[in-house]
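Colleague: quick one, fold the following:
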Amino acid sequence: MLALLRQGISPQRLALCIAVAIVVGNIPILGVSSIICTFIALVFRMNLAAILLVQAAMGPTQVLLIIPFVRLGEWLLRLPPQVVSFKAALALMSQGIWQAVVVLRDSIWHAGLAWALTAPFCVYLLHRLLTPVFERLAAQVGRPPIAVPVTRKIF
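Modeller: All right, here's what the predicted structure looks like:
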């Protein structure tokens, strides 16, 4: 991240990139975060390497947050909690990914809904928290100032 600041990426832009990577990296649907991060990075011209690096680092928290997102989705939809556990999910995965998706379809939907509703707020909050951190780091690493074009009037 320091190298990116030295190369001239603005602290605000880097904070946004990291915030998006953290939030998308924690999407409770396994196997889609890399694709979504790549798409976002390409469409919004963010640093692809940085976003994918941070997204990949979110793997452990992504797994840990699946059940809380399922529970939040059930709560939002006012549905009774389904019996969901990591052990049962791993047993389903051993029978094949498609079988697991079919059986866990409702839980995946509930978790995805909860994530989609909380994601914008989380990106905003993380961006606001990370921007001052990266501004201080940029000042410490002596990042060259962003060149501002000078216009001269010739009379």
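
Colleague: helices of this protein, start to end?
Modeller: Counting by DSSP state H, residue ranges of the helices within the chain are 2-7, 11-25, 33-43, 48-57, 59-76, 86-94, 97-103, 105-140.

Colleague: and the third one, what does it pack onto?
Modeller: Under the contact criterion of 3 or more Cβ pairs under 8 Å, 6 or more residues apart in numbering; DSSP states H and E, helix 33-43 touches helix 11-25, helix 48-57. Yep, even glycine has a C-beta here, placed from its N, CA and C like the rest.

Colleague: adding mean neighbour count and mean pLDDT, write these out as TSV.
Modeller: Listed next are the helices and strands packed on helix 33-43 as TSV, based on neighbours: other Cβ atoms under 10 Å; pLDDT from 0 to 100:
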stretch	mean neighbour count	mean pLDDT
helix 11-25	22	94
helix 48-57	18	93
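
Colleague: so which of the ones you listed gets nearest W75?
Modeller: Nearest of those to W75, taken as Cβ to Cβ: helix 11-25 at 20.0 Å.
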